[in-house]
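**Q** I'll drop the sequence and a predicted model, then ask my questions.
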Amino acid sequence: MSSRRTERLLNLVICLAATRRWLTKEQIRAAVPQYADCDTAEAFDRMFERDKEDLRDLGIPVATGTDERWFDDEPGYRVDSDAYALPPIELDAQELAVVGLASRVWQQASLAGPAARALTKLTALGVDIDDGTAGLEPRIRTAEPAFGPLYAATRDRQAVTFSYRKPNGELGLRELEPWAVASRNGRWYLIGHDRGRGAARVFRLSRIESDVKRKGRAGAYEIPENLDAQAMIGKHVPPADERVATVLLRAGRGAGLRRLASAVTPSAERAGWDELQIRIGDAGMLAQTIAGHGPDAIAVQPKDLRGEVIRRLKGALASQAESLDDAVRPV
């Protein structure tokens, strides 16, 4: 399911769950931002009927009824709150801890922008809003700086440009119509239409080395309705590297690396160092982790992993030297 369709369904749920009375189709069309893209009433009717069935398939009870002051032939819609509400739940300490971790994804007690605008429109139409829908903005925190801008561009259907380093080290400028941002095996990927190559492509966010810049107007393209992001990632992402790397780590340092290791033993060659055996999995990710420990970690083998760590360290050194030159250059 595309991110735009997901957002539309979420906004529809908020719209139907936030009201205490039945909403007509016209009120729903005015409140849910994505329905504005429908050029005709017939197109809206078809989309709305599909969305209702999708919600019901997901277990969300969309009920049909009327208010006494309406004509009998004008049905209204809302979520059946009694059928939708959870029964009382009792959790033990461990279960509460798990729920607490999951709740960290929901960072702000406010609605996302389009959903908030939908509720504003309902208020303007004279619909009473249930405050219980507050706090429905999901937030996902990642270590990738490009995640936020790319997710926003995907939502707005706006093209982007960025510098991307291929696995062979080649750096190039890409212009893309982003379709979705998805995670696989702990890594984040961007799926979209590469305008320069005229085809769908998958990009790993950790290889984006510049700011993401928007290009053109919002809503300039359509995201495929049958998009399967995970299937596309599976076709382009190589399988996990099952080799085992040998890494030297200074004693008392690198707790993150130690958690990855299948075996940790004192180094026979370096006093005060430990030798770690780590399944590589994703060579780029492991190289980045090792390089992040600076002088406290040394990649011993395999040779290609060691080379990738050295390349990253040299890149960081060159960047620091360039910054220092700019700082001391006379004005």
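**A** Arrived safely, thanks for sending. Numbers count the residues shown, from 1 in each chain.
**Q** helices or strands up against the strand ranked longest in the chain?
**A** Taking DSSP state E as the criterion, the chain has its longest strand at strand 171-184. Here strand 171-184 touches helix 3-17, helix 147-156, strand 159-165, strand 187-194, strand 199-204, helix 229-236, going by 3 or more CB pairs under 8 Å, 6 or more residues apart in numbering; DSSP states H and E. Placement of C-beta: from N, CA and C, glycine included.
**Q** Return the list of strands paired to that strand, each annotated with direction.
**A** Under the criterion DSSP bridges, strand 171-184 sits next to strand 159-165 (antiparallel), strand 187-194 (antiparallel) in its sheet.
**Q** mind showing which ranges of the protein have poor pLDDT?
**A** Scanning the chain for pLDDT under 70 picks out the ranges 1-3, 67-73, 83-143, 185-186, 321-331.
**Q** Please list all residues in contact with the nearest residue to residue 34 once chain neighbours are set aside.
**A** Spatial nearest neighbour of residue 34, chain neighbours left out: residue 8 (4.0 Å); criterion: CB to CB, 6 or more residues apart in numbering. Residue 8 makes contact with 32, 34-35, 51, according to CB atoms under 8 Å, 6 or more residues apart in numbering.
**Q** Show only the entries of these found in helices.
**A** residue 51 (DSSP state H).
**Q** Same list (the contacts of residue 8) but as TSV, adding distance to residue 318.
**A** What follows is the contacts of residue 8, written out as TSV (distance: CB to CB, whole Å):
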residue	distance to residue 318
32	50
34	46
35	51
51	52
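**Q** Turn the contacts of residue 8 into CSV, columns for neighbour count and distance to residue 303.
**A** Conversion of the contacts of residue 8 to CSV gives the following (neighbours: other CB atoms under 10 Å; distance: CB to CB, whole Å):
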residue, neighbour count, distance to residue 303
32, 29, 56
34, 17, 51
35, 21, 57
51, 21, 54
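**Q** for the contacts of residue 8, which one is nearest residue 154?
**A** Nearest to residue 154 among the contacts of residue 8: residue 34, at 13.7 Å, using CB to CB.
**Q** which ones are touching the closest one?
**A** 4, 7-8, 11, 114.
**Q** okay, now the domains of this structure?
**A** Here the domain assignment for the chain is 3-133, 147-236, 241-327, based on automatic domain parsing.
**Q** How about the longest strand of the chain, which residues are buried there?
**A** Residues of strand 171-184 classed as buried by neighbour count (16 or more other CB atoms under 10 Å): 174-182.
**Q** just stretch 216-232 next, same as before
**A** For stretch 216-232, a neighbour-count test (16+ other CB under 10 Å) marks 223, 227, 229, 232 as buried.
**Q** Not counting its own residues, what contacts it?
**A** With CB under 8 Å, 6+ apart, stretch 216-232 has contacts from 1-5, 37, 154, 156-159, 177, 179-180, 182, 184, 189, 191, 193, 200, 202.
**Q** List the beta-bridge partners for residue 297.
**A** Beta-bridge partners for residue 297, by DSSP bridges, are residue 249.
**Q** how many neighbours does it have?
**A** 20 (other CB atoms under 10 Å).
**Q** Surely it is in contact with residue 247?
**A** Yes. The pair residue 297 and residue 247 qualifies as a contact (CB atoms under 8 Å) at a distance of 6.1 Å.
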